[in-house]
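>>> model this:
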Amino acid sequence: MDSSAPIAIILPTYCEAENIADIITAIENLQLDSTILVIDDSSPDATENIVEKLREKYGNILFMKRPHKMGLGTAITDGFRYLLSLPKSPNYIITMDADFSHAPNDIPRLLALTEEGSDLVIGSRYCNEGKVKGWKLTRILISKIANKITGRVIRLQLSDFTSGFRCYSKGYLTKALPKLHCETYEIQIETLRQAKLQNSKIGEIPIVFENRKKGKSKLSLTEIAAFSKYILKVSWDQLRERDN
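So this is what the prediction gives:
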């Protein structure tokens, strides 16, 4: 496919055979003028076969297969790079999980705020009316503490820095993409830092985040360590800039 709809939705996958058909069908039922880009890290399950069957049914699905598990950050930036390279690149690109942690029905709300002039809109679990379902209290507390620390480091007045449910404008991505280098979950922080450096307009909408019911979480200790390392790096960079 050499063209794209005004809206693109990136679904990074690894072993999502239990969820991928349902999530794509739910997005298709929204009847948006959209392209769905599935980026799969060579899942050993049936994810690829399921997506290929759906491509025969729908005409708006793209599939990118990567050679091995390479990290969420590179999946997202690979997706941005590919979509922006299309002759008719999308005006808005949405990132979301493929396991129904993010509700497809919230996509129009993300789009609406972006279309009103925001460069980046976050589906927030922690702003007013946002909720998390299915997490233990300790995990919620750790997530909220991480977000508070990130807010102080990045110096942005936001409620949720680590949510992966987002809508990006093409204008923001065109400027930010060459400066995005994170390989794992810290991509969520890096994109916001670049938005701040560009003086981009950032918005939030409340969402209900629901822990996956099928499949296993992909968050690992390695990725948590990478996230922590990135926060420390940003803090150090800012101290050096202040001293200079």
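>>> Where does the prediction get shaky in this structure?
Applying pLDDT under 70 to the chain flags the ranges 1-5, 214-244.
>>> Now do the helices in it.
20-28, 47-57, 72-85, 107-115, 137-154, 170-176, 187-197, 221-243 (DSSP state H).
>>> Now tabulate these in CSV and tack on distance to Arg212 and mean neighbour count.
To be clear about C-beta, it is placed using only N, CA and C from the backbone, and glycine gets the same treatment. Compiled in CSV, the helices of the chain are given as follows (distance: least, Cβ to Cβ, whole Å; neighbours: other Cβ atoms under 10 Å):
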stretch, distance to Arg212, mean neighbour count
helix 20-28, 11, 19
helix 47-57, 15, 16
helix 72-85, 15, 20
helix 107-115, 18, 18
helix 137-154, 13, 15
helix 170-176, 27, 18
helix 187-197, 18, 21
helix 221-243, 16, 13
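>>> Of these, which is nearest Ile39?
Closest to Ile39 of the helices of the chain is helix 72-85 (Cβ to Cβ; 4.7 Å).
>>> chain center to that closest one, what's the gap?
Helix 72-85 sits 11 Å away from the centroid of its parent chain (Cα atoms, centre = their mean, to the nearest Å).
>>> For stretch 32-45, measure first residue to last.
One end of stretch 32-45 sits 29 Å from the other (Cα to Cα, to the nearest Å).
>>> ok, back up a step: can you put the helices of the chain in a markdown table and add distance to Phe63?
Shown next, in a markdown table, are the helices of the chain (distance: least, Cβ to Cβ, whole Å):
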| stretch | distance to Phe63 |
| --- | --- |
| helix 20-28 | 11 |
| helix 47-57 | 5 |
| helix 72-85 | 11 |
| helix 107-115 | 20 |
| helix 137-154 | 31 |
| helix 170-176 | 21 |
| helix 187-197 | 21 |
| helix 221-243 | 24 |
